[in-house]
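Trainee: Got a sequence here, can you build the structure:
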Amino acid sequence: MAKHQDTTDQANGRDGNLFGSLLLFVLLLFFAGVVLNERGEGETAVAVANTPTNESNALNTVAPTPTIADTTTPTATATASPTPTPTQTPTVTPTYTPSHTPNPAWTATATATTPPLPTPQAGIGSTITVTVPILMYHYISVPPEDADIYRTDLSVTPKNFRTQMQYLADNGHTPIDFYMLSRAITNHEPLPPKPVILTFDDGYLDNYENAYPILQQFGFVGTFFIPTEFIDSNRAGYMTWPMIEEMAASGHRFEPHSRTHPDLRARDDDYLIWEILGPQETLAYHIGYTPRYFSYPAGRYDDNVLSMMQRLDFWGAVTTFSGDELSYANRFTWPRLRVRNNTPLPEFVDLVNGTWE
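Mentor: Residues are numbered from 1 along each chain as shown. Alright, predicted model coming up:
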C-alpha cells in the first residue's frame, strides 16, 4: 500500500512537472509570437514608408528641366546707314569774326514787353538836361563813282569810320543806347564816362557789311533806324531780316524810321498810325522787344506827329537838327550831329567833345 502510494505520488509528480514544462513552453511560444508579430509590423511599416507612391513616382520620373541657354533676342541696335550728302547750298557768311565781348553796359536783354518809360523823379527828370552827342550816320561805304552829291555827303568810308571808332576807344568815350539815356534823364541814373550815341538811318546793307563788324571789334553798341517796308520787300541795297536779327542778338538796337520813309507832315491819324505804329510792331516781332524810339524821315514832323509820338507811348525821337543837349522836355525832338563824308578827324573830335560850333 505504501509502495503503491509512492508510485502514485511519483506519477503525480511527473505529471505536474510535465504540465509545468508544457505551460512554460506555451508561455514562451506566446511571447515569441508577440515579439515576432511586432517585428513584422515594424518591417511592414518601413516597407510601406519606403515604397514610392504614384505621386512621388510621377515627380521622380519627370525629366529634369534642361538649363536654358540665354537665347533672349537682343534689342535691335540701329545701324546707321550711309546718309547721302546733300548738295552743298552756298550760305552767306559774314566776312568777319567778332573778337570782342559786347560792352556789358549796353548789352541788350530781349524781353517780351518793354516796361513804360520811368516816371521822372520829383523835380529832377522834368528839368534835368544832359549833354550827350548823338552822332548821325547813313552809309558806311565808299560812294560809287556816279554818286550824286547827296549820296556822297551821306557816305562815310569804312576806313574813316574805323578811325573814328578808334578815337572813341582810345579816349575813353562810351557808346550807349537811348534806353540808358532815358533812365539818366528820368531817374537821374549815372551815365558812363563820355557817353555818345551812334545812330544809323535807313538800314543800308553796308551797315551790316561794314559798320557792324567794326562796332563788334570795339565792343560798341549802335542804334539803327529802319524803314521796315524796305526790308519786307527785300529792296536791293538794304539789310535783310536775318541780318537785323543777328545784329539785335549781338546787342545792337533797332528802332523804327517809319514804314515807307515818307514826309509825315500834314497827315491824318490813320496814316500816322500806319507809318509809326506799324513798323514798331514789325520790328518787335523780329527783335523780341518793343522798340521805343523813332527817327523822323528826313527829319520832318509837325505838331500832329509829336502828339502821335506821345499817344503811342514812344519814349523819344530824333531829328536832323544840330545839338547835344537832351532833356525830358525835348524828348521828341532830340537833336543829332551829322557825320559827313568829308568830316575830318579833328572835326569829329570836336563833335564828340562838345567843342563844335
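Trainee: And residue 283, how far from residue 215?
Mentor: Here the distance between residue 283 and residue 215 works out to 19 Å (CB to CB, to the nearest Å). (Each C-beta comes from the backbone N, C-alpha and C, glycine too.)
Trainee: again, but for residue 299
Mentor: With CB to CB as the criterion, residue 299 and residue 215 are 24 Å apart.
Trainee: between the two, which one's more packed in?
Mentor: residue 215 (26 against 15; other CB atoms under 10 Å).
Trainee: For the more buried one, which non-adjacent residue is spatially closest?
Mentor: Of all residues not flanking residue 215 in the chain, residue 222 sits nearest, at 5.2 Å (CB to CB, 6 or more residues apart in numbering).
Trainee: just residue 302 next, same as before
Mentor: That would be residue 265: by CB to CB, 6+ apart, it lies 4.5 Å from residue 302.
Trainee: returning to what we had before: can you pull the contacts of the residue nearest to residue 215?
Mentor: 175, 198, 199, 200, 207, 211, 212, 215, 252, 253 (CB atoms under 8 Å, 6 or more residues apart in numbering).
Trainee: Quick check: beta-bridge partners of the fourth one?
Mentor: Here residue 200 sits in beta bridges with residue 137, residue 224, as judged by DSSP bridges.
Trainee: Was I right to think residue 317 contacts residue 309?
Mentor: Yes - checked against CB atoms under 8 Å, the pair residue 317 and residue 309 is within contact range at 5.5 Å.
Trainee: Overlap in contacts, these two.
Mentor: In contact with both residue 317 and residue 309: 294, 332, using CB under 8 Å, 6+ apart.
Trainee: Who has more neighbours out of these two?
Mentor: residue 317 (25 against 22).
Trainee: A strand includes the more buried one, no?
Mentor: Yes - assigned with DSSP: H, G, I helix; E, B strand; the rest coil, residue 317 falls within a strand.
Trainee: how about the nearest residue to it, chain neighbours excluded?
Mentor: residue 294 (4.2 Å).
Trainee: Next up, the contacts around the one you found.
Mentor: With CB under 8 Å, 6+ apart, residue 294 has these contacts: 225, 255, 256, 257, 276, 280, 309, 314, 316, 317, 318.
Trainee: Closest one of those residues to residue 168?
Mentor: residue 318 (19.3 Å; CB to CB).
Trainee: where's the closest one relative to residue 272, distance?
Mentor: 17 Å.
Trainee: next one: residue 343
Mentor: 33 Å.
Trainee: Of the two, give the one with the bigger neighbour count.
Mentor: residue 272 (20 against 17).
Trainee: Which helix or strand lies directly C-terminal to whichever helix or strand the more buried one is part of?
Mentor: Using DSSP states H and E, residue 272 sits within helix 269-287. Counting by DSSP H and E, the next helix or strand C-terminal to helix 269-287 is strand 293-295.
Trainee: Now tell me what touches the next helix-or-strand element following that next one from outside.
Mentor: Per DSSP H and E, the first helix or strand lying C-terminal to strand 293-295 is helix 303-311. The contact list for helix 303-311 (CB under 8 Å, 6+ apart) reads 264, 265, 267, 269, 272, 273, 276, 294, 296, 317, 332, 333.
Trainee: Would you agree the third one falls within a helix?
Mentor: It refers to residue 267. No - per three-state DSSP, residue 267 lies outside any helix segment and is coil.
Trainee: Quick one, grab the pLDDT at it.
Mentor: Per-residue confidence (pLDDT) for residue 267: 98.
Trainee: show me the contacts for it.
Mentor: Per CB under 8 Å, 6+ apart, neighbours of residue 267: 275, 304, 305.
Trainee: If any of the residues you listed are buried, put those into a PyMOL selection.
Mentor: To isolate the buried ones among those in PyMOL, judged by 16 or more other CB atoms under 10 Å, type:
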select buried, resi 275+305
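Trainee: can you count the residues close to residue 246?
Mentor: 15.
Trainee: any idea how far residue 280 is from residue 252?
Mentor: From residue 280 to residue 252 the distance is 17 Å (CB to CB).
Trainee: And these two? Which one has more around it.
Mentor: In this view residue 280 and residue 252 are compared by other CB under 10 Å, and residue 252 has more residues nearby, 27 against 20.
Trainee: What does the pLDDT read for the more buried one?
Mentor: 97.
Trainee: Identify the residue spatially nearest to it, adjacent ones excluded.
Mentor: residue 222 is the one closest to residue 252 (CB to CB, 6+ apart), at 5.1 Å.
Trainee: what are the phi and psi values for that neighbour?
Mentor: For residue 222, the backbone dihedrals (degrees, to the nearest 10) come out as phi -120, psi 150.
Trainee: Same question for residue 134.
Mentor: phi -100, psi 110.
Trainee: Show the pLDDT at it.
Mentor: Confidence score, pLDDT, at residue 134: 98.
Trainee: Just list the residues touching it, thanks.
Mentor: Applying CB under 8 Å, 6+ apart, the residues near residue 134 are 196, 197, 199, 318, 324, 326, 334, 335, 336, 337.
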